[in-house]
Each structure stands twice: as C-alpha cells, then as structure tokens.
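1. need a structure here:
(chains A and B)
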Amino acid sequence: MDTTTTEPLADLGRFSDPGLLILASLAGGPKHGYAMMEDIEQMAGVRLGPGTLYGALARLEKRGLIRALAAEDRRRPYQLTGAGAAALTEQLTSLEAFATTGLHRLGAALWNG
Amino acid sequence: MERVNDMGRTEQASQASQSQQAGQAQAAPQRLHTWLLRLYPSVWRDRYGEEFLALLADRGISAFSFLDMLDVFYGALDARLAPQLADTRGFPMLNRLRKTLIVVFCAYILYVLSGTGFYGLLDDNSLAKSSLANLQNAVYVVQAGAGISLLAILIGGLPIGFAALRSAWSSGRRSVLALLGTPILAFLVVIGSFLALVAIEKSQGTSVFDAKPGQVFTPNVAVVAAYFTAVAIWHLAAIVSTAAMATAIARSPISERLYRFARIPALVAALAMLLTLGGVVAWGIIANGQASAQFQHDLGFYGLTTMTSWIIVTVTMTIAVLVALVALARGGWRGEAAAAHQPGIASQGA
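-> Prediction:
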C-alpha cells in the first residue's frame, strides 16, 4: 500500500525546518541519526537535538518522504524517497526564488541609495 | 618472588578497580539514556528505541547537554500528544472496549465519592428529617439509582476482576497481584484513620462540627485536624484503589467476551447514575423551594452550608455521569461490525 501523501513540508509544523534539513542531508546519501546530526551541523550550522531529530524523522517517515533501511548494529539508516526528493526540490526551488528576489531587491536598494 | 606476586596482584586489583570504575562510568549514562527513552510511548520505543539509544551513545555523555535533555523531554511529550505511529499491537476492538470500561469504572468511583458527599450532607441535616414528602421521594430515587448502579458494576466488573486475579495468580505476576490487593489495603487504612478519629473525638470529649442548638460552635483543633486527615485519606484511597484496579485490568489478558458482556451492565450503571443525579438535582430544587432557609444556612458536609455542599455534589456527579455516558457512546459499540470480521478476536481468552 502506498503511504505517500501529497502534504507539503509546511504541514510538519514546528518540525518543518528540521524536516527540510534532514531531507537535504539525506539528499547526499543514506545516513543514520547521529550521522545526520553531524552532517546538518556541518552543512547548516544547526545542531538538532535528539528529540527534535526523531520527532521530524517520524513525521517524514509517516508522510513517505523518507524510508528506513535495514539496521546496522543498532543504527538504522534512512533514505530519501522519490516523494521526499520532489518535496525537497520544491522547497529548495521556492527558497532559491525567494533568495534571488531578496538579493535582487537588496542590490537595487544599495545601487539606488 | 612473593613480592613480585604481591605486586602483580596489586596491579591486577588496580586494573580491576579501574575497569570497574570505567564500567560504572559507562553504566551511568546508559541508565540516563534508558530512563529518557522510557518517557516515550511504548509503541514509539518499539520502533525507534534501539536507534535512539545508539544515537545518544554516539553523542557521548560529554556532548549531551541540559538543552539536549530538555529537547528529549519535548520530543517525548510530542510523541505522546501527536503520535505519528499507530498502535497496531493487540486488537483494536478489545483495546477500545477495555479503555471504555475502565473509564466507566473511574467515573463510577467519582460518582460514589460524590454520592457519599450527598449522604454526608443528609447526615444530621434537619432537611433529612423533614416531613416534606417530595424531599423523601427524591432521596428514594437517589437510593434506587445507587443500588442499581452498584449491582450493575458488580455484575459487569466482578467477572473481569476474577479473570485478572486468576491470570495473575496462575502466571505468578506479583505486580498485578499487588495492584489487585491495593483496594483492600487502602480500605484498611481508611478504617484505621476513621477509628483514630473516633478515638480522638472520645479523648477530646467532642465530635467534629458538634454544634449544639443555642451554643456558639468552637471547633476543637485536634478533632477537626483528625477529621480532615481521615477525609483526605478516604479520597486518596479511592483514587489510588481506582488507579490500581484500572492498571491491573489494563495489564491482564482478559477475554473480549467478558468485556463485551460488561458493556450492558456498564450502560445500566451509567443510566442508574443519571437517575441518581436526577434525584440529587430534584432534592436540591425542592429543598430550596420549600425549605430555603434551612437549605441555605444549615450545615452540609465539611462545615459548608447545605446549598454549597449540594452544588459540589451535583457538579461532581454530573461530571461522572457525562464521562461514563460519553465513554460508552464513543467506545462501547463503535467498530463492532468491522471487528466481527477479524478472525481470532473472539477466541482470545484469559
């Protein structure tokens, strides 16, 4: 049964930002919890707490955006699904458009001022 | 040579001591991690527990800050309030029935507490001796409701209680046996506290709220303290006993057949509780209408006026009745048709 939902990442509520960070981390390949925390800290300078990480993981897994792989010595890696990659692309594209517009306006303001 | 051996033994002892200390140093964070994991619901622990412990171990105790601990607390709260995992263990219908009946039982205990409050209100109250026929009829309605509900709870609850006891006894589950024995112990404590109250009243030569007509009532501190202690113990005992029974039932493998059977007595009990509530409400309205001075000024229970006591009884009993009826409406029969098609449910026995 396909458990994938079309709910956007914003539906994760307080966990939407951690969710986005996790998806971005998993875009580089499957990782287990601790590896994700390290990767996210290195990539974004954000240190996710264990409770927040697993709160977001549970939500992403329920929505079919990530999937758990077989555990390796107690550590279970997670992998991005097709739906997860699509959601991440959508979010990053939206952020990119937002950043481009913001930088463009900032540049124009500096040029004019 | 002997000295070398001594040195060797000393070195071994020192190494053993260091190893033991290292083991203890490792055991402490593990205990903390295991304790933190226990904050999460069991279904969450089943799914994420191992990897979560591995993550905490990977972080190491030095990197585990107070903020991390708060984060875990928050995560556990979130997992309980917004569960992402469905509890698929056991049988949904059985679980729902059990939960419903436990809620009805808890509501019944609240009803009993408010009912004893009503009898406390009537005790030595001039309205209780009133010749007003309507007041007496209202009390009969209350008594009828109390009798029917007690009978229904016994009919529905005793088979479940015996099944839990039999299962705990045969499997040697001491924790469940202790839970089932809690109400007996609590009852003995309550009896003891009221016997102590009687002894103190006797030694002081006065009873609590011993107001003589025409005299100014001066409370005896020792007697009043003993009285309120006994009352507090009585309420605490009721709460502890109810929680213990509910936990024992929840932890016991009891046949769904018994739960299904208990639904009818539970419904009868809830309706009888509603009848009692009707009697209590009618009694207050009649008393206020036909003997308002006594109703508003005579002593009820705990030194409160009759009217205040009646309001407290009515409110708590209304809560109890609503909780029981809503629980039955939501969980008593819902989903039965779907469950009937699941093989093996009815065959699960105690």
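2. Which strand or helix spans A:Q79?
-> Secondary structure assignment for A:Q79, by DSSP states H and E: strand A:78-80.
3. That strand: which residues count as buried?
-> For strand A:78-80, burial by neighbour count (16 or more other C-beta atoms under 10 Å in any protein chain shown) applies to A:78, A:80. Backbone N, C-alpha and C define where each C-beta goes, glycine included.
4. and it, what other elements does it pack with?
-> Counting by 3 or more C-beta pairs under 8 Å, 6 or more residues apart in numbering or on different chains; DSSP states H and E, the packing neighbours recorded for strand A:78-80 are helix A:16-26, strand A:66-68.
5. how about low-confidence regions in the chain?
-> In the absence of a named chain, chain A is used. Within chain A, the segments meeting pLDDT under 70 span A:1-15, A:113.
6. should've been chain B
-> B:1-28, B:61-62, B:86-94, B:124, B:128-131, B:209-218, B:332-350.
7. picking up where we left off before, out of the helices and strands packed on strand A:78-80, deepest packed?
-> helix A:16-26 (a mean of 22; mean count of other C-beta atoms under 10 Å in any protein chain shown).
8. next helix or strand past that helix?
-> By DSSP H and E, the next helix or strand past helix A:16-26 is helix A:33-44.
9. Please pull up the helix or strand immediately following that following helix.
-> helix A:50-62.
10. wait, does that next one make contact with chain B?
-> Yes: using C-beta under 8 Å from any C-beta of the partner chain, we find that helix A:50-62 touches chain B at A:50-55, A:57-59, A:61-62.
11. hang on, the earlier thing: format the helices and strands packed on strand A:78-80 as JSON lines; extra columns: distance to A:V46.
-> Formatted as JSON lines, these follow (distance: least, C-beta to C-beta, whole Å):
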{"stretch": "helix A:16-26", "distance to A:V46": "6"}
{"stretch": "strand A:66-68", "distance to A:V46": "18"}
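12. how about a markdown table for these, with distance to chain B added?
-> What follows is the helices and strands packed on strand A:78-80, written out as a markdown table (distance: least, C-beta to the nearest C-beta, whole Å):
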| stretch | distance to chain B |
| --- | --- |
| helix A:16-26 | 11 |
| strand A:66-68 | 9 |
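13. can you tell which of these is closest to B:S252?
-> strand A:66-68 (33.5 Å; C-beta to C-beta).
14. Tell me the strands beside that closest one, with direction?
-> According to DSSP bridges, strand A:66-68 forms sheet pairs with strand A:78-80 (antiparallel).
15. Can you list phi and psi of A:R75 for me?
-> In terms of degrees, to the nearest 10, the main-chain angles of A:R75 are phi -90, psi 120.
16. what's near enough to touch the closest residue to it other than its chain neighbours?
-> Of all residues not flanking A:R75 in the chain, A:H32 sits nearest, at 4.0 Å (C-beta to C-beta, 6 or more residues apart in numbering or on different chains). Applying C-beta atoms under 8 Å, 6 or more residues apart in numbering or on different chains to A:H32 gives the contacts A:72, A:75-78, B:51, B:54-55.
17. Could you pick out the longest helix of the chain?
-> By default, I'm working from chain A. Longest helix in chain A by number of residues, with DSSP state H as the criterion: helix A:82-112.
18. that's the wrong chain, I wanted chain B
-> helix B:133-171.
19. Which strands or helices does that one pack on?
-> If you count contacts as 3+ C-beta pairs under 8 Å, 6+ apart, helix B:133-171 packs onto helix B:92-122, helix B:174-204, helix B:221-250, helix B:256-290.
20. Just send these back as TSV, with distance to chain A too.
-> Converted to TSV, these look like this (distance: least, C-beta to the nearest C-beta, whole Å):
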stretch	distance to chain A
helix B:92-122	18
helix B:174-204	29
helix B:221-250	25
helix B:256-290	27
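21. Out of those, which gets nearest to B:F73?
-> Of the helices and strands packed on helix B:133-171, nearest to B:F73 by C-beta to C-beta is helix B:221-250, at 23.5 Å.
22. The closest one: which residues count as buried?
-> B:223, B:226-227, B:230-231, B:233-234, B:237-238, B:241-242, B:244-249.
23. What of stretch B:39-49?
-> Going by neighbour count (16+ other C-beta under 10 Å), the buried part of stretch B:39-49 is B:39-40, B:43-45, B:47-49.
24. Just the closest of those residues to chain A, please.
-> Chain A lies nearest to B:Y48 out of the buried residues of stretch B:39-49, by C-beta to the nearest C-beta, at 5.7 Å.
25. Nearest residue to the closest one in space, ignoring adjacent ones along the chain?
-> Leaving out its chain neighbours, the residue that sits closest to B:Y48 by C-beta to C-beta, 6+ apart is A:Y54, at 5.7 Å.
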